[in-house]
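Asks: Fold the following, please.
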Amino acid sequence: MKATSRRKRAANSLEPVESRDEIESKATAIQRRVRSLRAVGVSAKGRGRAKCHPGRLQPPIQSSSPFSPSAELTVLPREFFQIDALDLAPRLLGKLLRRDDVILRITEVEAYRPNDSACHGRFGITPRTAPVFGAGGHAYVYLCYGLHTMLNVVADEEGVGAAVLIRACAPVSGLDTIKRRRGQETDKPVLLTGPGKIGQALGISTEWSNHPLYSPGGLEILDAPEPEQILAGPRVGIDYALPEHVNALWRFAIAGSPWISAPKNTLRPL
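Replies: So this is what the prediction gives:
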């Protein structure tokens with residue numbers, strides 16, 4: 001079947017919306033999987049930790065970073081991203097976004113899945129949403145209210161229509177560039193706690209949609225230590241969605257990090 005046909009078939013799917021009990025059951029299952037995977041150190045594919053791209057990088061790391069200045073950072077392979085968005089979201093926490101001299105540690109994310117009334121994939125394939133139906137590992141960048149550039153990491157296989165929104169990050173390198181792009185001279189979390197702020201700090205536009213995040217150069221995601229504890233809660237700003245999706249615990253954040261967007265009181269330990 002051609003890729004275009006697969007995408008249209010996924011976009012036109014009339015599968016019934018999952019019930020609230022099914023949503024909560026899946027959320028509980030993913031929480032258990034995250035704990036077990038962290039305990040044994042297996043990869044997203046369950047075959048041992050994923051091999052990383054042979055191109056090794058040694059970016060400058062600020063002293064306030066949890067990483068050693070001599071750490072060798074590697075680009076995550078495309079296979080890392082080609083899993084269910086609900087599996088991918090917590091695994092992106094702690095990973096690094098890199099563009100030019102800016103490196104950001106991902107501290108908060110949200111999962112958006114097929115048959116999800118809050119996912120852009122619900123509109124089907126349009127010029128704007130087409131990247132969501134691409135293969136996992138690509139960027140999906142869109143404008144919110146015509147102003148804020150929102151970076152998403154496409155998940156799963158081609159034609160599925162799923163992604164993970166990057167909601168907040170902590171600065172690791174390139175703080176001066178981040179401040180200049182953001183137009184702020186603060187070192188406080190307000191600098192990077194919000195999805196629109198991430199896009200601005202990275203200096204990206206919608207032209208970055210479909211960019212492969214597993215290829216060195218440009219915009220990429222690097223491997224890094226995973227957090228010790230993760231928080232979960234309902235997603236933010238999706239009141240238009242069905243109640244079962246509004247209440248789904250598909251928002252994840254690093255426990256103990258000040259670099260988390262509001263509201264924080266809806267997040268609980270996994």
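Asks: mind checking how far Glu79 is from Pro114?
Replies: For Glu79, the distance to Pro114 (Cβ to Cβ, to the nearest Å) stands at 20 Å. Backbone N, C-alpha and C define where each C-beta goes, glycine included.
Asks: Between those two, which has more neighbouring residues?
Replies: Regarding Glu79 and Pro114, a neighbour count based on other Cβ atoms under 10 Å identifies Pro114 as having more, with 20 against 16.
Asks: Would you quantify the distance from the more buried one to Gly233?
Replies: To Gly233, Pro114 is 22 Å away according to Cβ to Cβ.
Asks: same thing with Asp84?
Replies: For Asp84 relative to Gly233 (Cβ to Cβ), the value is 19 Å.
Asks: What's the first helix or strand after the least confident helix or strand in the chain by mean pLDDT?
Replies: None of the helices or strands of the chain scores lower by mean pLDDT, DSSP states H and E than strand 56-57, at a mean of 34. Note on strand 56-57: by DSSP states H and E, the next helix or strand toward the C-terminus is strand 73-74.
Asks: Relative to that following strand, what are the paired strands and their orientations?
Replies: Counting by DSSP bridges, the strands paired with strand 73-74 are strand 56-57 (antiparallel).
Asks: can you give me the strands for the stretch 51-200 of the chain?
Replies: Using DSSP state E, counting those that start in this stretch, the strands of the stretch 51-200 of the chain run over 56-57, 73-74, 96-99, 102-112, 139-144, 148-154, 163-173.
Asks: Report the distance from the fifth one to the chain centre.
Replies: So that's strand 139-144. 12 Å (Cα atoms, centre = their mean, to the nearest Å).
Asks: how about it: buried residues?
Replies: Ala139, Tyr140, Val141, Tyr142 (16 or more other Cβ atoms under 10 Å).
Asks: can you put the residues you listed in JSON lines and add pLDDT and distance to Arg105?
Replies: Listed next are the buried residues of strand 139-144 as JSON lines, based on pLDDT from 0 to 100; distance: Cβ to Cβ, whole Å:
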{"residue": "Ala139", "pLDDT": "97", "distance to Arg105": "18"}
{"residue": "Tyr140", "pLDDT": "97", "distance to Arg105": "21"}
{"residue": "Val141", "pLDDT": "96", "distance to Arg105": "20"}
{"residue": "Tyr142", "pLDDT": "93", "distance to Arg105": "23"}
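Asks: Just the closest of those residues to His211, please.
Replies: Sorting the buried residues of strand 139-144 by how near they are to His211, with Cβ to Cβ, puts Ala139 at the top with 4.6 Å.
Asks: How many residues are close by Arg180?
Replies: Neighbourhood size, Arg180 [other Cβ under 10 Å]: 13.
Asks: hmm, I was thinking of Arg251
Replies: Other residues near Arg251 come to 23 when the count uses other Cβ under 10 Å.
Asks: List the contacts of it.
Replies: The neighbours of Arg251, taking Cβ atoms under 8 Å, 6 or more residues apart in numbering as the test, are Glu108, Val109, Glu110, Ala111, Arg167, Ala232, Gly233, Pro234, Arg235, Val236, Thr266, Leu267.
Asks: wait, the fourth one sits on Trp250?
Replies: Yes - using Cβ atoms under 8 Å, Ala111 is in contact with Trp250, at 4.3 Å.
Asks: which neighbours do these two share?
Replies: Residues within reach of Ala111 and of Trp250 at once, by Cβ under 8 Å, 6+ apart, are Leu86, Ala89.
Asks: Show me the beta-bridge partners of the residue lying closest to Trp208 once chain neighbours are set aside.
Replies: Closest residue to Trp208 apart from its sequence neighbours, by Cβ to Cβ, 6 or more residues apart in numbering: Val141 at 4.8 Å. The partner list for Val141 in beta bridges (DSSP bridges) reads Leu151.
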